[in-house]
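Engineer: coords please:
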Amino acid sequence: MSFFFDKLIRRKHIDFSRVTETKLSRCLSTLDLTALGIGSTLGAGIYVVAGQVARDKAGPAVVVSFLIAALASVLAGLCYAEFGARVPKTGSAYVYSYVTVGELWAFVIGWNLILEYVIGTASVARAWSAYFDTLIDNAIKTFFQANMPMGVAGLSPYPDFFALAITLLLTVVLAIGVKESSTFNNIFTGVNLLVVLYVIICGLFKADIANWEIPESQVPNSSLPDQPRGHGGFFAYGFSGMMSGAATCFYAFVGFDCIATTGEEVRNPQRAIPISIVVSLLACFFAYFGISAVLTLMRPYYLLDDGAPLPVVFVYYGWNVARYVIAVGAICGLSTSLLGAMFPMPRVIYAMAQDGLLFRFLGRVSDRFKTPLIATIVGGVFAGVMAMLFDLDELVDMMSIGTLLAYTLVAACVLILRYRPDSQQYASTDSLNTMQSPFAIMRAAFRPPTTLNGPTDLSAAVVSWSVLLLGVFIAAICSVLIFGEKYLAAGSWWAITLTAILGSVIVVLTAIIFIQPQNRRCITFLVPGLPFLPVISVFVNIYLMMKLSYQTWIRFAVWMVVGFLIYFCYGIWNSSEGKNYRVLEDTPPDSIDNLDNNGDTCEESPLMNGLKEVPKAVAE
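Structural biologist: Predicted structure coming up:
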């Protein structure tokens with residue numbers, strides 16, 4: 001039993017002296033990565049989801065929904081940026097967690113990343129098809145509904161072969177090469193940003209603040225539960241509706257994590273990845289905020305079109321030219337968003353297949369194109385079939401839950417890693433598995449060891465258990481806030497008392513982590529404000545997850561069951577770390593320490609200096 005458990009927590013060994021070696025083409029710049037992040041994000045969120053959330057979930061408060069979703073993404077983005085600076089390898093959060101917290105959690109994150117990218121690709125392809133169909137008077141929808149209706153609950157009303165064709169076309173583009181795909185993305189992203197700026201400026205001329213202050217008496221069917229249109233005002237659907245909208249709007253920001261999958265294809269990963277993540281998230285937030293504000297200021301939220309809200313609004317005011325300009329931007333935006341969603345998917349599959357957790361044939365790299373060709377084709381076909389069969393609303397919520405879980409685990413991993421001693425960075429055991437007396441852990445929680453050498457095995461165990469308990473109590477308080485909302489609003493003593501107790505425990509656990517000694521090893525980017533920012537990120541992510549429907553959770557559970565079947569029947573027995581794991585168990589602690597930068601400062605570290613010089617060598 002102990003042997004089996006050790007398999008679950010074994011970690012990936014990375015030879016940092018060869019960390020920059022790769023079979024892929026290292027040709028992307030910081031600008032390419034930033035454009036990739038922006039391009040993958042500014043698509044369906046602006047041209048489709050913003051109108052849907054405003055009309056059906058949040059009303060004018062959709063601008064606040066985007067703000068909350070952006071906050072959750074920025075907090076997660078900072079955690080991704082630190083991992084990208086630590087381990088510049090392809091695989092994003094999957095490989096980061098594999099190096100730090102063990103194989104099982106790495107597989108969970110990797111499997112959820114595949115879900116995120118597959119659903120992201122399918123949903124954007126579906127949005128692309130729906131938007132184009134609107135421009136040709138719903139000819140595609142009318143034809144297939146009349147000739148090939150499906151009529152199955154949870155599926156699309158008709159098979160969308162156009163979405164399938166778009167996905168397969170982009171699959172071919174990605175398979176040809178990274179630089180060619182990046183050039184395509186840069187051009188289309190530039191056009192899209194110009195259109196967004198045009199929409200915001202032109203829309204402000206027709207903005208009317210009265211559309212944010214509509215009285216309930218003017219809202220049609222506001223009193224009918226089967227035809228909800230909100231209750232008017234800015235928070236038309238209340239605080240709960242605004243938060244529910246934030247859970248869906250979160251979908252609009254998931255593109256940034258595709259940047260973290262390019263560790264082996266960018267010329268200066270430790271510098272380019274953090275900068276690109278932060279810049280792309282800020283640019284996307286201002287774009288989403290501006291578009292959603294203009295949209296709800298130009299027309300009452302309940303009159304917005306759910307298929308193509310922006311062109312319909314401008315046509316209402318007689319600006320027919322704007323309709324065609326927006327159409328160009330929408331096509332460019334949805335195309336880059338589709339490319340950005342498809343780009344990281346084969347790279348995560350490639351990384352997992354290289355490690356043996358997925359079937360190894362998926363990890364083959366084309367000698368001609370220097371891309372993971374088989375993973376690209378398999379992922380593209382799978383996403384295309386999903387786009388053909390499923391509806392956009394179902395896909396968006398299912399993608400959000402997988403993404404939020406991945407972000408939660410990444411934030412928790414940052415906390416555990418920053419409070420772990422050097423002797424555990426590449427050791428074969430986890431601090432949760434370290435033999436420590438419960439009484440010693442409880443004593444160290446409030447009286448941490450005083451040492452100038454950073455964290456100890458005991459303090460690392462305290463942090464690991466504290467992070468685990470934090471997850472449990474944050475999930476509990478989120479349950480109370482969501483499912484006991486009406487009791488809290490009514491001032492019920494038991495609901496308020498329970499919330500206060502759970503909140504106090506969370507504060508105490510955060511304080512316990514705060515007083516533990518941190519690992520001061522220097523890297524090019526560190527998440528500021530530890531442990532507070534990662535804890536807030538975990539709270540926001542779990543809260544948004546619980547706002548999603550139970551049907552979404554059921555579909556997610558089915559996805560995880562399939563993943564665990566693959567892992568326990570294949571991955572755990574074919575993992576590349578099986579052999580490395582036994583070697584590391586026999587490696588002396590001093591040798592393990594030497595796998596990293598030997599405790600040097602950033603200026604003195606041969607590892608850091610070597611990585612900083614790699615881009616010059618590559619460029620030459």
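Engineer: How about the contacts made by V410?
Structural biologist: 76, 79-80, 83, 93, 96-97, 109 (Cβ atoms under 8 Å, 6 or more residues apart in numbering). To be clear about C-beta, it is placed using only N, CA and C from the backbone, and glycine gets the same treatment.
Engineer: Pipe the residues you listed into TSV and attach secondary structure and neighbour count per row.
Structural biologist: Putting the contacts of V410 into TSV (DSSP: H, G, I helix; E, B strand; the rest coil; neighbours: other Cβ atoms under 10 Å) gives the following:
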residue	secondary structure	neighbour count
A76	helix	32
C79	helix	26
Y80	helix	26
F83	helix	28
A93	helix	26
Y96	helix	28
S97	helix	30
I109	helix	28
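Engineer: Could you identify the most distant pair in those?
Structural biologist: Greatest spacing in the contacts of V410, by Cβ to Cβ: A76 and S97 (13.4 Å).
Engineer: quick one: low-confidence ranges for the stretch 251-400 of the chain?
Structural biologist: 251, 307, 392-396 (pLDDT under 70).
Engineer: What separation is there between the residue of the chain positioned farthest from its centre and V49?
Structural biologist: Distance from the centre of the chain peaks at S217, with 40.1 Å (Cα atoms, centre = their mean). Going from S217 to V49 by Cβ to Cβ, to the nearest Å gives 29 Å.
Engineer: what's the answer for V254, then?
Structural biologist: As judged by Cβ to Cβ, V254 and V49 stand 12 Å apart.
Engineer: What helix or strand is A330 located in?
Structural biologist: helix 320-342 (DSSP states H and E).
Engineer: follow-up on the earlier one: who are the neighbours in contact with the residue farthest from the centre of the chain?
Structural biologist: Taking Cβ under 8 Å, 6+ apart, one finds G232 in contact with S217.
Engineer: Excluding covalently adjacent residues, which one is nearest to G230?
Structural biologist: In space, and not counting its chain neighbours, G230 is closest to A236: 3.2 Å by Cβ to Cβ, 6 or more residues apart in numbering.
Engineer: next one: A72
Structural biologist: Once flanking residues are discounted, A72 sits nearest to V540: 4.3 Å by Cβ to Cβ, 6+ apart.
Engineer: wait, isn't the one you found in contact with S73?
Structural biologist: No - here V540 does not reach S73: they are 9.5 Å apart, not a contact under Cβ atoms under 8 Å.
Engineer: how long is stretch 203-220 end to end?
Structural biologist: Length of stretch 203-220, first residue to last, Cα to Cα, to the nearest Å: 25 Å.
Engineer: Buried ones in it, by neighbour count?
Structural biologist: 203, 211-212, 214, 219 (16 or more other Cβ atoms under 10 Å).
Engineer: Quick check: buried residues in the helix holding A330?
Structural biologist: 322-323, 325-327, 329-342.
Engineer: Convert it to CSV, retaining C-alpha atoms only.
Structural biologist: In CSV, the C-alpha atoms belonging to helix 320-342 read as follows (Å, rounded to 0.1, in the frame of the first residue of the first chain):
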residue,chain,number,x,y,z
ASN,A,320,-25.1,50.0,-40.8
VAL,A,321,-21.4,50.6,-41.7
ALA,A,322,-20.5,49.8,-38.1
ARG,A,323,-22.2,46.4,-38.6
TYR,A,324,-19.7,45.4,-41.2
VAL,A,325,-16.7,46.8,-39.3
ILE,A,326,-17.8,44.8,-36.3
ALA,A,327,-18.3,41.7,-38.4
VAL,A,328,-14.6,42.0,-39.6
GLY,A,329,-13.5,42.4,-36.0
ALA,A,330,-15.6,39.5,-34.8
ILE,A,331,-14.3,37.2,-37.5
CYS,A,332,-10.7,38.2,-36.6
GLY,A,333,-11.4,38.0,-32.9
LEU,A,334,-13.1,34.6,-33.0
SER,A,335,-10.4,33.3,-35.3
THR,A,336,-7.5,34.3,-33.0
SER,A,337,-9.5,33.1,-30.0
LEU,A,338,-10.0,29.7,-31.7
LEU,A,339,-6.3,29.5,-32.6
GLY,A,340,-5.3,30.5,-29.0
ALA,A,341,-7.6,27.8,-27.6
MET,A,342,-6.2,25.2,-29.9
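Engineer: residues in contact with V378?
Structural biologist: 346, 349, 362.
Engineer: Validate this expectation: the residue nearest to G230 resides in a helix.
Structural biologist: No - counting by DSSP: H, G, I helix; E, B strand; the rest coil, A236 falls outside a helix, being coil.
Engineer: which residues does it contact?
Structural biologist: A236 neighbours (Cβ under 8 Å, 6+ apart): 58-61, 214, 219, 229-230, 301-302.
Engineer: What of L470?
Structural biologist: By Cβ under 8 Å, 6+ apart, the contact list for L470 reads 506, 509-510, 513, 535, 538.
Engineer: cutoff 10 Å now
Structural biologist: 412, 415, 505-506, 509-510, 512-513, 531, 534-535, 538-539 (Cβ atoms under 10 Å, 6 or more residues apart in numbering).
Engineer: list the helices and strands the helix or strand where the residue nearest to A72 lies packs on?
Structural biologist: Using DSSP H and E, V540 falls within helix 532-546. Of the remaining helices and strands, those touching helix 532-546 by 3 or more Cβ pairs under 10 Å, 6 or more residues apart in numbering; DSSP states H and E are helix 62-86, helix 238-249, helix 392-418, helix 457-483, helix 493-515, helix 550-566.
Engineer: ok, back up a step: I'd say the residue nearest to A72 and M546 touch.
Structural biologist: No - the criterion here is Cβ atoms under 10 Å, and V540 misses it with M546 at 11.1 Å.
Engineer: how far away is the nearest residue to Y350 once chain neighbours are set aside from P346?
Structural biologist: Ranked by Cβ to Cβ, 6+ apart and with sequence neighbours excluded, the top spatial neighbour of Y350 is P372, at 3.7 Å. Distance of P372 to P346, given as Cβ to Cβ: 5 Å.
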